[in-house]
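In: Please work out how this folds:
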Amino acid sequence: PLVSSSRATMMNWPTALKRKALKIRLKIRLTVLCLLLAAVLQSGWYLHFTRKSWDLMNSMKSMASMEIILPPQRGDAMSESLLGDSEQLTNNTVKAMPLVVHSGNLTNRTRKAMPVSLRSHPGGLTNSTNTNACATNQKSIHVCHQGKTFVRGPKVPSFIILGAQKSGTTALFFHLLKHPNVVPPLNFLKKGNEGKSFEVHFFDRGGSFAERKNSTTTEEEFYCSKRQKYLRRHFQVGKIKKAAQKGRNLMTFDKTPTYLVKSLHSQPELISKTVPWAKYIVILRNPVDRAYSHYKMATKKNMTNPAEFDSAVREELGLLQKVGLITVPNAVLMPHNSTLPSMGSPAAPHEFKFTFPIRSAMDETKVFSDVFNNNLYLIRGFYAIQLRAWINALPHPEQILVLNSKDLDRSPNDVYRRILCHVGLPEHNLSADKRKRFNKYRGSTTKPMWNTTRKLLEALFRPQNADLGRLLGKEWAGVWGSGTVEET
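Out: The predicted structure follows:
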């Protein structure tokens, strides 16, 4: 009755009664306002308006080659950050927080929103028309969400060395650690030899892709969770965060050579979606020499046996023919001393002709994937098949830098500068021990492979090397004696 009374009636009330009536009226209004606000929040209507505003701002920013991370459809809190900060944000705080802007790699969604005239020059990327442009090292974080939780973390690793095995990846590893802005992965810091490794092996062990197929979460939530595990297990996130607070940009990286050869086990998709900002480095060696070096590593013998290696080569050729990847002359599969020339004599050309049955890239990769295992020496040298899978999976082929191991031996400083430019590190010179040999077994006596075996392998890899030249361009034309590469 007091609240419904008219203002005129209240004028005649005592002062104390007036104050009490005003307080009651104010409480009722606040209660109604809170109920209305709760109903709006419960319905999620405000999210529609908020997302429309973000979409408009995203379109405006995309004109300047910038990418804005959008908030999720639903979510009202940010969980503990990978950087170590624990923050609980309400929806109002999320709406008021500054935009997290990422320079560099653009998602397909942002690229489609850009005018055609700008798509060929995405900001922060090494463009094919400007090979001298170096990547820029940006201070940035990634943001993803799991259900109603935002997760933030540093963009690490900055780059990944994919392979190839026995091609100089360990030398690259130590060269890069000499840079003052590079820190090693955690597994390299373990004390003692037990468990210490130069390689991470996060994506090629433990059935990572099988986890995705069996997961009931959304794609974004799956890769967000995968990213957290990857960062926490293998990289010095805390050290990178502290350095960033002091204005110093540190980078770290993953070196796992089997990522390249397992590119046909859905590794490119898995890795690129987990760390979409990463750059990639591939170093390739003459596949003939790589195969013999692989044999020496696998057998771990103090004295190599060329006859044993020759037998292993012919056995693997028979397997590759059985699955339909190559066609091998029958004479090649015979024991060495029965039909083929003796050691040191020139090989008969007609005895060393191989053919690769024409098939689609999909069929080729499937066959390659089915036959692969760690004990094969030759199939790892089919570089074109492996690289094609990576190039097709990445949104920007410029993310991959492919190097020749011979260049690393001849001019390591030049190769080093190309790598620093590719990943966005400041210039730095290698020290005097740049020509040190790595992974060389102590006390080993290396015998050269038989000349007949080398001729056999050169003939096997010649069409694959030519295919590599067509894939990578003029710089790789005629590599390792593959002959002239025609333009395609």
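In: from here on, contacts and neighbour counts on C-alpha atoms
Out: Will do.
In: Which elements pack onto the helix or strand hosting residue 414?
Out: Secondary structure assignment for residue 414, by DSSP states H and E: helix 412-423. Using 3 or more Cα pairs under 8 Å, 6 or more residues apart in numbering; DSSP states H and E, the elements in contact with helix 412-423 are strand 279-284, strand 400-404.
In: Looking at those strands, spot the one closest to residue 413.
Out: When these are compared by Cα to Cα, strand 400-404 sits nearest residue 413, at 13.1 Å.
In: Okay, angle between that closest one and helix 412-423 too, please.
Out: Between strand 400-404 and helix 412-423, the angle comes out at 170 degrees (axes from the mean of the first three to the mean of the last three Cα atoms, to 10 degrees).
In: ok, strand 400-404: who's next to it in the sheet?
Out: Sheet pairing of strand 400-404 (DSSP bridges) gives strand 279-284 (parallel).
In: send the alpha carbons of whichever helix or strand comes after the strand it pairs with over as PDB?
Out: Counting by DSSP H and E, the next helix or strand C-terminal to strand 279-284 is helix 287-299. These are the backbone C-alpha positions of helix 287-299, laid out as PDB (Å, rounded to 0.1, in the frame of the first residue of the first chain):
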ATOM      1  CA  PRO A 287      68.800 -40.800 -50.900                       C
ATOM      2  CA  VAL A 288      71.500 -43.300 -51.900                       C
ATOM      3  CA  ASP A 289      73.900 -42.000 -49.200                       C
ATOM      4  CA  ARG A 290      71.100 -41.600 -46.700                       C
ATOM      5  CA  ALA A 291      70.000 -45.200 -47.100                       C
ATOM      6  CA  TYR A 292      73.600 -46.500 -46.400                       C
ATOM      7  CA  SER A 293      73.900 -44.200 -43.400                       C
ATOM      8  CA  HIS A 294      70.500 -45.400 -42.100                       C
ATOM      9  CA  TYR A 295      71.800 -49.000 -42.400                       C
ATOM     10  CA  LYS A 296      74.800 -48.200 -40.300                       C
ATOM     11  CA  MET A 297      72.700 -46.600 -37.600                       C
ATOM     12  CA  ALA A 298      70.200 -49.400 -37.600                       C
ATOM     13  CA  THR A 299      72.700 -52.200 -37.400                       C
END
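In: Buried residues, helix 287-299. List them.
Out: For helix 287-299, the neighbour count (16 or more other Cα atoms under 10 Å) marks 287-296 as buried.
In: cool, stretch 370-386 as well?
Out: 372, 376-386.
In: For that stretch, give me every contacting residue.
Out: 164, 260-264, 284, 287-288, 290-292, 294-295, 298, 313, 316, 320, 323, 364-365, 461, 464-465, 467-468, 471 (Cα atoms under 8 Å, 6 or more residues apart in numbering).
In: ok, residue 271 touching residue 203?
Out: Yes. Counting by Cα atoms under 8 Å, residue 203 is a contact partner of residue 271 at 7.1 Å.
In: These two - which one has more neighbours?
Out: Remark: of residue 271 and residue 203, residue 271 carries more neighbours, 24 against 21, as counted by other Cα atoms under 10 Å.
In: Could you tell me whether the more buried one really is in a strand?
Out: No. Residue 271: not assigned to a strand; according to DSSP: H, G, I helix; E, B strand; the rest coil it is helix.
In: Could you pull up the residues touching it?
Out: residue 203.
In: how close does it sit to residue 247?
Out: 29 Å (Cα to Cα, to the nearest Å).
In: Surely residue 143 and residue 152 touch.
Out: Yes. At 4.6 Å, residue 143 and residue 152 qualify as touching, with contact defined as Cα under 8 Å.
In: Specify which member of the buried residues of helix 287-299 is nearest to residue 392.
Out: Of all the buried residues of helix 287-299, residue 287 has the smallest distance to residue 392: 22.7 Å, by Cα to Cα.
In: Now the closest residue to that closest one other than its chain neighbours: phi and psi?
Out: Leaving aside its chain neighbours, residue 287 sits nearest to residue 381 (4.7 Å; criterion: Cα to Cα, 6 or more residues apart in numbering). With angles defined as degrees, to the nearest 10, residue 381 sits at phi -90, psi 0.
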